[in-house]
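**Q** Sharing a model prediction with you, sequence too.
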Amino acid sequence: MTDVVVEEENGNGGNGEGEEWRPKYNAWLVAFVVTMAAFMEILDTTIVNVSLPHIAGSLSSTYDDATWTLTSYLVANGVVLTISGWLSKVFGRKRYFIICLVMFTATSFLCGMATSLGNLVIFRLLQGIFGGGLQPTQQAIILDSFPPEKRAAAFGLTSIAAIVGPVLGPTLGGWITDNFSWRWVFFVNIPFGILTTLAVMVVLEDPPWAKKQKAPMDTVGISLITLGFGALEVMVDRGEDADWFGSNFICTMAVLALLGLGGAVAWLLYTDQPAVDLHVFCDKNFAVGTFLVGAIGSILYASAIIVPQFAQQIMGYTATLSACVIAWWYCRDYAYSFCTVAYGCDNGAERYCNRVCFVGWGVILFCPFITSVGF
């Protein structure tokens, strides 16, 4: 995402070196195809949550050990998200996107075939590594595919995927787990991954400034980012089970996270060719937007993980019902995103779309007060 802002500041967010560039295919078709790829990755972030008790029982492990399937994915995903801009330069944006998509599909198959918890954790780690590059690259592609006046509506499409994914993930995962097997939670990615890969290969093309470049490897910066984000994720994910700072392990993770992230910030501001350009945060709009997105993501993904676990372990709900508990809440956020798309329209249907969106929003708000609905 850093590279997206840098390209726009340099005048390359849709124009390459002063020359007009437009994708060969319709921009909305490109946006739909790449958003489907990102949606698949977002879906997989939460789809496993409701399956953890079944995974633990099937692989003869404890529920606490089974949560490492979430931790490993999120650690790898968080690290790669940060450096995906640099990786896009090294491989070329389209090539890197296809590599991530193909390997994400392959590792999904390996996760479904895992015969032990250790194998599953390793495969989920690999899945997070390749999945981490899909969402930021998708946003960069959409930015370059649309003219500035249509980007609001285009990014509304991405926000819909970002909201629907965490909702549909637990719901779909619960239904699949209760009616088939937890392994099909991973196998369901395979046909969609194959179709999306073929579509991406056909409709996607790189603008001149997004092709393969010589980008020096910032070994120190990447190492510090990996250490900092990896330790931080393990600390916050395992802290409650390990009694937080009463545990030497959590204290060690906290120190490593502080050293890694603090060192990364200092190094990235100092070096001439950083893996991540932190100077983009000098733009107040970008800084505030990043903070707000981070806050929303914290609430969104935390509830998507905690609520299904509470519903299954404490309340005794099935995997499907535990997912339905939180589904209606995210539907309201979905309505917000749909309104964003409608406001971004510049045609005569804008007023009609807005009315439909707000009526739907009112219905969704009214749903919790229907006495016949409850768990």
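**A** That came in fine, so what should we check first?

**Q** Give me the distance between the residue lying closest to Ala66 once chain neighbours are set aside and Trp267.
**A** In space, and not counting its chain neighbours, Ala66 is closest to Ala56: 4.0 Å by CB to CB, 6 or more residues apart in numbering. From N, CA and C alone the C-beta is placed, and that goes for glycine too. Distance of Ala56 to Trp267, given as CB to CB, to the nearest Å: 40 Å.

**Q** for Gly173, same thing?
**A** Counting by CB to CB - Gly173 and Trp267 are separated by 39 Å.

**Q** Compare these two (neighbour count), which wins?
**A** Gly173 (29 against 18; other CB atoms under 10 Å).

**Q** Give me the distance from the helix or strand where Thr171 lies to the chain's centre.
**A** Under DSSP states H and E, the secondary-structure element containing Thr171 is helix 151-179. Centroid displacement of helix 151-179 relative to its chain, using CA atoms, centre = their mean, to the nearest Å, is 10 Å.

**Q** Now do that helix, average pLDDT.
**A** The pLDDT scores in helix 151-179 average 76.

**Q** can you tell me which residue is nearest the centre of this protein?
**A** Nearest to the mean C-alpha position of the chain, counting by CA atoms, centre = their mean, stands Ile42 at 4.4 Å.

**Q** Please verify my assumption that Leu269 contacts Asp277.
**A** No. Judged on CB atoms under 8 Å, Leu269 makes no contact with Asp277 at a distance of 9.6 Å.

**Q** and these two? which has more neighbours close in?
**A** The residue with more neighbours, out of Leu269 and Asp277, is Asp277; 16 against 11, by other CB under 10 Å.

**Q** Quick check: the more buried one vs Phe186, distance?
**A** Using CB to CB, Asp277 is found at 35 Å from Phe186.

**Q** Please apply the same query to Ala231.
**A** Distance from Ala231 to Phe186, counting by CB to CB: 27 Å.

**Q** For those two, work out which one has more neighbours and name it.
**A** Phe186 (25 against 21).

**Q** what about the helices in the stretch 201-350 of the chain?
**A** For the stretch 201-350 of the chain, helices defined by DSSP state H, counting those that start in this stretch occupy the ranges 219-238, 248-270, 284-313, 319-343, 350-366.

**Q** about what we covered before: counting contacts, what elements does the helix holding Thr171 pack onto?
**A** Packing partners of helix 151-179 (3 or more CB pairs under 8 Å, 6 or more residues apart in numbering; DSSP states H and E): helix 27-46, helix 134-145, helix 184-187, helix 284-313, helix 319-343.

**Q** buried stuff in the first one?
**A** The reference is to helix 27-46. Buried residues in helix 27-46, counted by 16 or more other CB atoms under 10 Å: 27, 30-31, 33-46.

**Q** Repeat that for the shortest one.
**A** When burial is assessed from 16+ other CB under 10 Å, helix 184-187 yields the following buried residues: Val185, Phe186, Phe187.

**Q** go on, stretch 208-225?
**A** For stretch 208-225, by 16+ other CB under 10 Å, it's Trp209, Ala210, Lys211, Asp218, Val220, Gly221, Ile222, Leu224, Ile225.

**Q** Wait, the fifth one touches Leu268, no?
**A** Spelled out, that is Val220. No. At 9.3 Å, Val220 does not count as touching Leu268 under the criterion of CB under 8 Å.

**Q** thinking again about what came up before, now the angle from the helix holding Thr171 to helix 27-46?
**A** 40 degrees (axes from the mean of the first three to the mean of the last three CA atoms, to 10 degrees).

**Q** The closest residue to Ile222 other than its chain neighbours: neighbour count?
**A** Nearest residue to Ile222, sequence neighbours excluded (CB to CB, 6+ apart): Ala275, at 5.2 Å. A count of nearby residues for Ala275, using other CB under 10 Å, gives 25.

**Q** what's Ala275 in contact with, if anything?
**A** Thr82, Ile83, Trp86, Met217, Asp218, Gly221, Ile222, Ile225, Leu268 (CB atoms under 8 Å, 6 or more residues apart in numbering).

**Q** Might you report the residue contacts of the last one?
**A** It refers to Leu268. Asp218, Gly221, Pro274, Ala275, Val276, Asp277, Leu278.
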